[in-house]
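J.: Kindly generate the corresponding structure for this input.
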Amino acid sequence: MLDHVFPVLVIDKDAGVGYWRARAGRAEARVAELEAAAAALRADNAGLTARVAELAGQVATLQESVTTLSGLLFGSSSEKGGSPSRGNGRAGVDRPGGGAGKRGQRPGRPGHGRRDHAHLETEERIIDVEAAQRCCAQCGEPFEFLGTEDSEQVDWQVKITRIVWRRRRYRRRCACPGPRTACAPPAARPVPKGLFTAGFLARLAYEKHVLGRPVHRIVAALAADGFDVAPGTLCGALKQVAPLIAPWAEAIAAHGRQAGHVHAGETSWQVFEDIEDKDGHRWWLWVFLTDQTTVFVMDTSRSAEVAAGQLGIDREQSRLQAGRHLVISADFHKAYQSLARIDGVDPLWCFAHMRRYFLRAGAAHPEALGDWRDAWTERIAVLYRAHHALAATTPGTDAHERAQGRWQRAFADIDAHRILQASDAAKGLLHPAAAKVIATLTSEWDGLARHQELPQLPLDNNPAERALRTPVIGRKNFYGSGAEWAAHLAADVWTVTATAARHSIEPLGLLTGYLQECAHNGGTALAGADLDPFLPWTPQGRARRRPASDPGPGP
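T.: Alright, predicted model coming up:
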């Protein structure tokens, strides 16, 4: 018999089903909520993964840019040394004896001997033996004169002269009709009523723009030689000279527009004057080299319009004048690419510029792309060596035929590797930085491959780069130009002096002679036939060239 009686559990069947159904519904809702949360997390995770990949790509790009910019700022120039796997010199070209070339006289090469200074103004000075030593110490008999032992020194003296012009006047003493007095004509001056002679103004322009000396340093140099002058006075003198130089530079530029081949380049320039419709002070200095001229153009723009204007190209016509053909050696800047689309204009892209792309990619990713970079720079070095070998042979000879074959094979090798690696890049088998360089090589290949048809022209645009060195030195020394007129004067002086140097004409003497003629022309610029003696390609201009035996000024 049980001591306790348990209550009977009575279950309402309908109520139990409803309860469990409610529990099941809540569970299903929770599962759906969790699944939605999981899906959202998966979506967020995918987004984060994509974002992480995107940021990683940006980091790699910025890292590559930092490496490239650091190399530009602190590294050695890619044009001065070969790749790590080679010891070759500039642009991969072999140097005698191998390795990077050193400055100065090459061992085993003939020298030019001592320079002859007999053309300098000469002052003879005598150094004599003391009187007591010109006779015998015992008997007193004087010694017999045998001649001299001669040596020479070169002295450097700057002499600043104040010229006082005294114009003589005369008065008539007779009673005959006519003017009562006569006076000598005024002295010829390049700038009417100006303080400075043609020689002073020529040297001022030469010091400022060719030697790159800031005006305040020129003032200091003049003060050291006894002439105290204000910087504003020298700036005013340069401003007065500008209208005299401009027509001369324009005549040189007009002659350059007739050339069939030109090297073109540009660099930034600061002009610290507010110009209407111009934001900031950044201008552009352009250079255009032909076989006879070096023309500089200062402009606010880096657009193709500037180059088209100097090269005589009408972009609206989309073609050159009938019968004219122009080859432009340049880098890949879009201004030159725009001109290359005009009928009659063929681009000749710079292999040294293309080589820098490989070097920079290899420098940014040395472990991944070091060997790849070295292989490509070696192919370009082979092309340079083939180019030099071809230029050293005489057409029609067996040596020329062999060099021609070597030249063709160098291009074929570069083209074959370009096509192969472009295919690998399309399949994702090439490093992104390398793929980017190969894409550039492919897009610009037509302009690079055109060198194959024109072996007589340089493989690179280094002549234009070298022409910009003088302005760049000036930019480092005085940062730019303080006014618009000064910027244009700088370009005009560089046009005149660089063109003169191309023809072995001393620029300072040429500037002096031109300003002297302007003085005799009433202080106005020369024009027409009067300008011919100062254009190096004319018979009168060629007479100013230094003889081939004259080495000219030293480095």
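
J.: now the longest helix along the chain, how far from the centre of its chain.
T.: Counting by DSSP state H, the longest helix found in the chain is helix 13-74. On the basis of C-alpha atoms, centre = their mean, to the nearest Å, helix 13-74 sits 53 Å off its chain's mean C-alpha point.

J.: And stretch 394-405, by the same measure?
T.: Distance, centroid of stretch 394-405 to centroid of chain: 34 Å (C-alpha atoms, centre = their mean).

J.: Likewise for stretch 270-283?
T.: 21 Å.

J.: What of stretch 354-365?
T.: 20 Å.

J.: The nearest residue to residue 474 once chain neighbours are set aside: neighbour count?
T.: Distance criterion C-beta to C-beta, 6 or more residues apart in numbering; nearest residue to residue 474, sequence neighbours excluded, is residue 212 at 4.1 Å. Placement of C-beta: from N, CA and C, glycine included. Using other C-beta atoms under 10 Å, residue 212 has 18 other residues around it.

J.: Show the contacting residues for residue 212.
T.: 470, 473-474, 476-478 (C-beta atoms under 8 Å, 6 or more residues apart in numbering).

J.: for residue 519, same thing?
T.: 188-190, 198.

J.: Tell me who's in contact with the closest residue to residue 478 other than its chain neighbours.
T.: Excluding the flanking residues, the one nearest residue 478 by C-beta to C-beta, 6+ apart is residue 214, at 4.1 Å. Applying C-beta under 8 Å, 6+ apart to residue 214 gives the contacts 208, 477-478.

J.: Distance of residue 214 relative to residue 480?
T.: In this view, residue 214 and residue 480 are 11 Å apart by C-beta to C-beta, to the nearest Å.

J.: just to revisit the earlier point, please name every helix or strand in contact with the longest helix of the chain.
T.: helix 351-364, helix 432-443 (3 or more C-beta pairs under 8 Å, 6 or more residues apart in numbering; DSSP states H and E).

J.: which element follows the shortest one toward the C-terminus?
T.: As assigned by DSSP states H and E, the chain's next helix or strand after helix 432-443 is helix 445-449.

J.: Need the contact partners of that following helix.
T.: So helix 445-449 is contacted by 332, 340, 346-349, 351, 354, 411, 415, 418, 441 (C-beta under 8 Å, 6+ apart).

J.: how about the strands in this structure?
T.: Assigned by DSSP state E, the strands in the chain fall at 169-171, 181-183, 261-270, 282-289, 294-299, 326-330, 345-349.

J.: pLDDT of the longest helix of the chain, averaged?
T.: In this model, helix 13-74 has a mean pLDDT of 74.

J.: Taking helix 351-364 as reference, get the angle to it.
T.: 130 degrees (axes from the mean of the first three to the mean of the last three C-alpha atoms, to 10 degrees).

J.: Run the angle between helix 13-74 and helix 432-443 for me.
T.: Using the same axes, to 10 degrees, helix 13-74 lies at 60 degrees relative to helix 432-443.

J.: mind checking which helix or strand of the chain has the lowest mean pLDDT?
T.: When the helices and strands of the chain are scored by mean pLDDT, DSSP states H and E, helix 13-74 comes last with a mean of 74.

J.: before we move on, the earlier item: out of the strands of the chain, which gets nearest to residue 494?
T.: strand 294-299 (4.4 Å; C-beta to C-beta).
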